[in-house]
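In: Dropping the sequence and predicted coords here.
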Amino acid sequence: MAENPWQPLLHTFEKLSNCVQTHLSNFIGIKSTPRSSPTIQNPISSDSSPTITINSSNLQKLPLKDKPIGPVTKEDLGRATWTFLHTLAAQYPEKPTRQQKKDVKELMAILSRMYPCRECADHFKEILRSNPPRAGSQEEFSQWLCHVHNTVNRSLGKLVFPCERVDARWGKLECEQKSCDLHGTSMDF
Ligand SMILES: Cc1cc2nc3c(=O)[nH]c(=O)nc-3n(C[C@H](O)[C@H](O)[C@H](O)COP(=O)(O)OP(=O)(O)OC[C@H]3O[C@@H](n4cnc5c(N)ncnc54)[C@H](O)[C@@H]3O)c2cc1C
């Protein structure tokens, strides 16, 4: 049988319509659910796929990209910031330049003033006072960071992380041809 001449056009239209639907549902965010139900529908799921139901307890642990659009919580912000800091420490050069060591100290000082959670920033300032940043090498910086993260963990009643496993937990970014690596110096500063 001859192919329907409208088929390619219909196919393109269907793809376009799916794309608009996905963007609209991402834009709108959470679908409303009956008041009696404490669950939230995942806006990314479509009618043809099984419905993923997210409740308020597992919602907290979802990566930011999978969360329905809404305000960032203190926990989201903390996880994202620790990810940034531990990744930075994993990529920090073995032999940093004088400028890189200075930048780490400044970054921590700025975090302690501008971190967008007042109580966390004040707490971090106190921690820095008794644990000034140590960033003479990659190992020194990642161990120092692990230690200060544990200080925050303890104050929140969380488990202490074994710092000898920090390199197994946090690695360098996967970038082609090491294009993300930070370069240090071959000279001793
Ligand atoms: C600078 C700073 C100060 C903060 N201060 C406060 C505060 O005062 N009050 C408050 O309520 N929240 C604070 N937070 C947020 C808090 O630390 C957590 O990020 C948040 O409670 C979410 O915790 P979580 O259990 O998901 O794991 P997180 O503590 O966010 O850790 C993320 C992941 O890092 C790994 N990890 C845990 N500990 C270590 C470690 N020591 N070294 C290496 N990796 C580790 C684990 O795999 C964990 O899943 C702060 C965050 C930051 C960045």
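Out: Great, that's in hand.

In: Around the ligand, pick out the residues from the chain.
Out: Residues of the chain lying near the ligand by C-beta under 6 Å from any ligand atom: 74-75, 78-79, 81-82, 86, 111, 115, 119-120, 123-124, 146, 149-150, 152-153, 156, 158, 161, 166, 169. To be clear about C-beta, it is placed using only N, CA and C from the backbone, and glycine gets the same treatment.

In: So which of those sit within helices?
Out: Of the positions in these, 74-75, 78-79, 81-82, 86, 111, 119-120, 123-124, 146, 149-150, 152-153, 166, 169 sit in helices, assigned by DSSP state H.

In: out of these, which are buried?
Out: Buried by 16 or more other C-beta atoms under 10 Å: 78, 81, 86, 111, 120, 123, 124, 146, 149, 150, 166, out of those.

In: I'd like to know which elements the helix or strand harbouring residue 101 is packed against.
Out: Taking DSSP states H and E as the definition, residue 101 sits inside helix 98-114. Using 3 or more C-beta pairs under 8 Å, 6 or more residues apart in numbering; DSSP states H and E, the elements in contact with helix 98-114 are helix 118-130.

In: What's the mean pLDDT across the helix it packs on?
Out: The average pLDDT for helix 118-130 rounds to 98.

In: correct me, but residue 169 touches residue 86?
Out: Yes - at 7.4 Å, residue 169 and residue 86 qualify as touching, with contact defined as C-beta atoms under 8 Å.
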